[in-house]
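> Fold the following.
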Amino acid sequence: MATRQSLSETYRTMAHLRRFFESVRKTISAEPAEGGYVITGRSPFASGVLHSAWSFVGGLLPDESGKPEWSWFLIPAEEYEVVDMPIAAYGPLGFSTTILGAAQGALEEFRDWTESRLAPDGSRVAERPRIHRALAELAANIDAAELLLRRTLEVAQASTKPDSSLRPRSLRDFAHAAQLCIGAIDELMAMAGTAAFAETSVIGRAWRDIHFMAANLGISADNNYSHWGRVELGLERAPGMVIY
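The predicted model follows:
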C-alpha cells in the first residue's frame with residue numbers, strides 16, 4: 001500500500017524523468033502479509049508501463065469486518081510482471097479518428113454553406129472552378145485518411161499480435177491521416193475566409209480542435225515517420241520512442 005515513504009521515493013524518481021502510471025479498475029485484490037500486502041490479479045492496459053519505475057494500482061482490501069474496501073497500492077517495477085499487449089501501439093488511434101471526424105464535419109459544413117454562399121459581387125461561390133477542384137482534392141484526402149485508419153483498425157482488432165513491421169506502419173498511418181486532415185482543415189479555413197474565425201463557426205472550431213489534438217505525441221509526424229523509416233531500413237527503434 002502507498003506509504004509516505006514510498007510516495008516520497010516515487011516522486012523523487014519521477015523528478016529524474018522516470019515514468020509513472022496508474023490503473024484504477026477494480027481488478028486487483030490484496031491480502032495482508034508480513035511487511036505489506038500480497039497483490040493478486042491482472043491490471044488493465046496502462047500506457048507507459050514499460051518505462052515506469054512504479055505501478056500505482058487500485059484494488060480491494062478487506063476491512064476489519066472482512067468486507068472489501070477500495071484501496072490504493074504502490075508497487076515497484078521489479079515486483080510485478082508486464083504483459084505486452086498489441087494495443088499498446090494503437091492508443092493514438094483515438095486521436096486520429098477524432099481528428100478525422102472533425103475534418104469530415106468541417107467539409108460537410110463548408111459544402112452546405114457554399115451551396116448558397118454569395119461573393120461580394122453577388123456571384124455564387126459554388127460556380128467557381130477553383131472551389132470545385134479544391135473541394136474534390138480535400139474530400140479525396142479526407143477519404144484517404146479514413147482508409148488508412150480503417151486499415152490500422154483491422155490490424156489492431158486481429159486475433160494475432162501484429163508483427164514488427166505492421167506496428168510501425170500503423171503509427172506512421174496514424175500520423176499521416178492526421179497530417180492529411182490538418183492540410184484539409186487549413187485549406188477549408190482559407191476558403192471560408194474571416195467568417196470561419198467567428199466563435200460560432202463549425203469550421204473554425206474544427207480547425208482549433210484538429211490542431212490541438214494533432215499536438216499529441218502519439219501522432220507526431222516527426223516521431224512516427226522516423227520510427228517507420230528506421231524499422232524499414234533495418235535499424236533499431238530510437239530509445240526515445242515511447243509508443244511503438
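
> Longest strand in the protein, please.
Of all the elements of type strand in the chain, the one with the most residues (DSSP state E) is strand 52-62.

> dump the residue contacts of Leu149.
Leu93, Ser96, Thr97, Leu100, Asp173, Phe174, Ala177 (CB atoms under 8 Å, 6 or more residues apart in numbering). C-betas here are computed from N, CA, C, even on glycine.

> what does Ala221 give?
When contacts are counted by CB under 8 Å, 6+ apart, Ala221 is found next to Ala175, His176, Ala178, Gln179.

> quick one: least confident helix or strand in the protein?
Sorting the helices and strands of the chain by mean pLDDT, DSSP states H and E puts strand 19-23 at the bottom, at a mean of 39.

> Low-confidence stretches in the protein?
Within the chain, the ranges that satisfy pLDDT under 70 run 1-27, 44-48, 84-91, 240, 242-244.

> Give me the distance between the residue most central in space within the chain and Leu217.
Here the mean C-alpha position of the chain is nearest to the C-alpha of Pro92 (CA atoms, centre = their mean), at a distance of 2.7 Å. To Leu217, Pro92 is 9 Å away according to CB to CB, to the nearest Å.

> what number of residues lie near the spatially closest residue to Val202 that is not a sequence neighbour?
On the basis of CB to CB, 6 or more residues apart in numbering, the spatially nearest residue to Val202 that is not a chain neighbour turns out to be Glu109, at 4.4 Å. As a burial measure, Glu109 scores 18 neighbours (other CB atoms under 10 Å).

> Likewise for Leu74?
Taking other CB under 10 Å as the criterion, the count of residues near Leu74 is 17.

> element containing it, please.
strand 68-76 (DSSP states H and E).

> could you measure the residue nearest to the centre of the chain against Gln157, distance?
Going from Pro92 to Gln157 by CB to CB gives 15 Å.

> What are the buried residues along stretch 173-192?
Judged by neighbour count (16 or more other CB atoms under 10 Å), stretch 173-192 contains these buried residues: 173-185, 187-189, 191-192.

> make that stretch 133-153, sorry
Of the residues in stretch 133-153, those with enough neighbours to count as buried (16+ other CB under 10 Å) are Ala134, Leu135, Leu138, Asn141, Ile142, Ala145, Glu146, Leu148, Leu149, Thr152.

> same thing with stretch 108-120?
Of the residues in stretch 108-120, those with enough neighbours to count as buried (16+ other CB under 10 Å) are Glu109, Phe110, Trp113, Thr114.

> Who are the contact partners of the third one?
If a contact means CB under 8 Å, 6+ apart, then Trp113 has Ala192 as its contacts.

> Go again with 6 Å.
Listed by CB atoms under 6 Å, 6 or more residues apart in numbering, Trp113 has no contact partners.

> how close does it sit to Gly105?
Distance from Trp113 to Gly105, counting by CB to CB: 12 Å.

> Then Ser116?
19 Å.

> one step back: what's the closest non-adjacent residue to the residue nearest to the centre of the chain?
The shortest distance from Pro92 to any residue that is not its chain neighbour, by CB to CB, 6+ apart, is 3.3 Å, and that residue is Gly218.
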